[in-house]
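>>> Quick one, structure for this:
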Amino acid sequence: MHTKEKTSSVIIRFIIAIIIAAYVLFPFFLLLINSGKATSDITANPVSFSGASFAQFADNIRAVVNDPNFMFFTSFGSSALITVLSLVLLSLFGAMAAWVICRNKTVWSTVIYFTFIASMIIPFQVVMLPLISTFRDVGKFIGIPMLQSVPGIVFAYLGFGGAMTVFILNGFIKGVPYDLEEAASIDGCSPEQTFFQIIFPLLTPVITTVTILNGMWIWNDYLLPSMMLGQNGKVMTIPIAIQKFVGSYVKSWDRILPAALLAIIPMIIIFLIAQKQIMEGMIEGAVKG
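This is a model prediction of the structure:
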């Protein structure tokens, strides 16, 4: 009887897992099959295979890549540059800040830490307009354009992504034995050497997790780049470029969907390659936190 109950439980959980997987993968299924259709077939019946073909898919992809308004390679390069710079700075400065906050048990470190946490609660819509005016004024003051520029949006991502990065890394660092740092100090290591030679290598699993989470957000983000870079600026990311296919009265679905597919493929590949490291980082961060 016990074996039958156990078998039934496994079957039920398996069925539930299949249902959840189907629910999660259904949008991707729609994106994939409709990327191989003409606009008329997409609007006629988006959930059917009718009209879908590999030849049409190849034609749609070629049309997207060669479209002068979309500028696939330029927008792809801009997205890659912004994402990589933002992730490098977030990982480096976030780890530094989390380490200092965690190891300095003072009132100020506690206040700064809870300021980071509090900033995660504030909706982006609240700071949209002040953000643009502030960045415009800062750019005029320092002589470096902060709007419609890569440095400006990277700096913005550093601010918006810093809170979550510090929060996750801080929980992980709490589990790192302080004896390692004391031993390094006795051996003559400076604080900088201790961080880069002892602490930072230990953070690799959780930094991988944070990098993937931030990377998916930054790569797919539309609202912040559209505000800071503009719709027709010199710098254009993939999500902004896709908007070029959306008109007031006509939407080129046979361009929008293949372009969206091209945009998400890099993140899917990276996630599949690094999923083991992501899970290890989340588990270790939860246990050590």
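
>>> which sections of this protein are below the confidence cut-off?
Scanning the chain for pLDDT under 70 picks out the ranges 1-6, 247-250, 275-289.

>>> Which residue ranges of it form strands?
Per DSSP state E, the chain carries no strands over any range.

>>> Contacts only, for the closest residue to Ser53 other than its chain neighbours.
Nearest residue to Ser53 in three dimensions, chain neighbours excluded: Gly36, at 5.7 Å (CB to CB, 6 or more residues apart in numbering). Heads up, the C-betas are built off the backbone N, CA and C, glycines and all. Residues in contact with Gly36 (CB atoms under 8 Å, 6 or more residues apart in numbering) are 52-54, 56-57, 60.

>>> Also Met128?
By CB under 8 Å, 6+ apart, the residues touching Met128 are Met227.

>>> For the stretch 151-289 of the chain, which segments count as helices?
Listed in chain order, the helices of the stretch 151-289 of the chain (DSSP state H, counting those that start in this stretch) span 178-186, 191-194, 200-202, 204-220, 223-228, 238-242, 253-288.

>>> Tell me how far the residue nearest to Ser53 lies from Ala44.
For Gly36, the distance to Ala44 equals 14 Å [CB to CB, to the nearest Å].

>>> Looking at the contacts of Gly36, state which has the most neighbours.
Asn60 (25 neighbours; other CB atoms under 10 Å).

>>> Just to check, that residue is in contact with Trp253?
No - with contact defined as CB atoms under 8 Å, Asn60 and Trp253 do not form a contacting pair (9.7 Å).

>>> Next, find the distance separating Ile42 from Ile33.
When CB to CB is applied, the distance between Ile42 and Ile33 equals 9 Å.

>>> returning to that earlier point: in TSV: the helices of the stretch 151-289 of the chain, plus mean neighbour count and distance to Ala80.
Below are the helices of the stretch 151-289 of the chain laid out as TSV (neighbours: other CB atoms under 10 Å; distance: least, CB to CB, whole Å):
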stretch	mean neighbour count	distance to Ala80
helix 178-186	13	36
helix 191-194	14	30
helix 200-202	14	24
helix 204-220	21	8
helix 223-228	18	13
helix 238-242	22	9
helix 253-288	17	8
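
>>> Can you check which of the ones you listed gets nearest to Leu169?
helix 204-220 (6.2 Å; CB to CB).

>>> got a list of what Ala163 touches?
Neighbouring residues of Ala163 by CB under 8 Å, 6+ apart: 116-117, 119-120.
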